[in-house]
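K.L.:
the sequence and its predicted three-dimensional model are supplied below.
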Amino acid sequence: MSGHSKWNNIKNKKEKSDAQRAKIFTKIGRELAVIVRQGGPNPDSNGRLRDAIAKARANNMPNDNINRCIAKAAGEGSGDDYEEITYEGYGPSGVALIVETLTNNRNRTAGDMRHYFDKYGGNLGTNGCVSYMFDQKGVIVIDNSEGELDEDDVMMDALDCGAEDFSADEDVFEILTDPDAFSSVREALEAKGYTFATAEIQMVPQTMVTLTDEEDLKNINKLIEMLEDNDDVQNVYHNWDE
């Protein structure tokens, strides 16, 4: 769940192994649990939970798993007490990274983050050091690899539902929304029969950084891989133009 959505990212998600899918489900389950404990188990009254359920479904998480996570989180005294911590820093050649975590041990997570950034040619910064280079947006991605959807029709539906922007990239349509309008736009598109490859609020980079040095390319790939593989990391956003 890395970076700004591109067709390759969506394709890579589809090709993930069972072990990788299990890790993604675990991370989404943890996110569901935190949201339930903060706002309750009823998606009708908990907007963040509705959005998290949509994200889980977009990642092909079975409904039984989703319901089990919600029920467990709703039980008193179940599970660990996780807190949300966001880290910011720079990768090789000034690539900006934002790492969102859910952790029950902030010292462990901070040590891991510092180690990864140092090891792969970057440095961990303070809060706000790179977030000003990103905009928070609702991001909805529709896979059209089968070619059954008409681009103009999808664009008009998206704009009619309140989307801010629409773009087509090969076999994928990307819809951007104001974060406050994300839920209503997503639900309106669902009502029109659309299904999503991605449906979540993301940090979208304002400008992109291109890397040409082979060592930088190797390091940024490894850094993102290590971050995403960490159990405490929920999302990694960056402005590297892959």
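P.N.:
Great, that's in hand. Residues are numbered from 1 along each chain as shown.
K.L.:
name the SS class of residue 162, please.
P.N.:
coil (DSSP: H, G, I helix; E, B strand; the rest coil).
K.L.:
quick one: residue 72 from residue 29, how far?
P.N.:
Noted for residue 72: a distance of 9 Å to residue 29, by Cβ to Cβ, to the nearest Å. Every C-beta, even on glycine, is put in place using the N, C-alpha and C of the backbone.
K.L.:
with neighbour numbers in mind, choose between the two.
P.N.:
residue 29 (21 against 15; other Cβ atoms under 10 Å).
K.L.:
so the more buried one touches residue 67, yeah?
P.N.:
No. Checked against Cβ atoms under 8 Å, the pair residue 29 and residue 67 is beyond contact range at 11.1 Å.
K.L.:
the helices in this structure, which residues?
P.N.:
7-14, 18-39, 47-58, 63-74, 106-119, 151-160, 182-191, 214-229 (DSSP state H).
K.L.:
same for the third one, what does it pack against?
P.N.:
Same thing as helix 47-58. Applying 3 or more Cβ pairs under 8 Å, 6 or more residues apart in numbering; DSSP states H and E, we find helix 47-58 packed against helix 18-39, helix 63-74, helix 182-191, strand 198-205.
K.L.:
most tightly surrounded among those?
P.N.:
Mean neighbours per residue, mean count of other Cβ atoms under 10 Å, is largest over these for strand 198-205, with a mean of 22.
K.L.:
please name the nearest non-neighbouring residue to residue 44.
P.N.:
residue 50 (8.0 Å; Cβ to Cβ, 6 or more residues apart in numbering).
K.L.:
is there a neighbour count for the one you found? I'd like the number.
P.N.:
The burial count for residue 50: 17, using other Cβ under 10 Å.
K.L.:
same thing with residue 206?
P.N.:
Neighbour tally, residue 206, other Cβ under 10 Å: 10.
K.L.:
excluding chain neighbours, what is closest to it?
P.N.:
Using Cβ to Cβ, 6+ apart, the closest residue to residue 206 is residue 133 (5.6 Å).
K.L.:
how about residue 216?
P.N.:
Looking at residue 216 with Cβ to Cβ, 6+ apart, the closest residue is residue 92, at 4.0 Å.
K.L.:
got the contact list for that neighbour?
P.N.:
120, 121, 122, 211, 213, 215, 216, 219, 220, 223 (Cβ atoms under 8 Å, 6 or more residues apart in numbering).
K.L.:
pretty sure the fifth one contacts residue 95?
P.N.:
Translated: residue 213. No. Counting by Cβ under 8 Å, residue 213 does not reach residue 95; the two are 11.7 Å apart.
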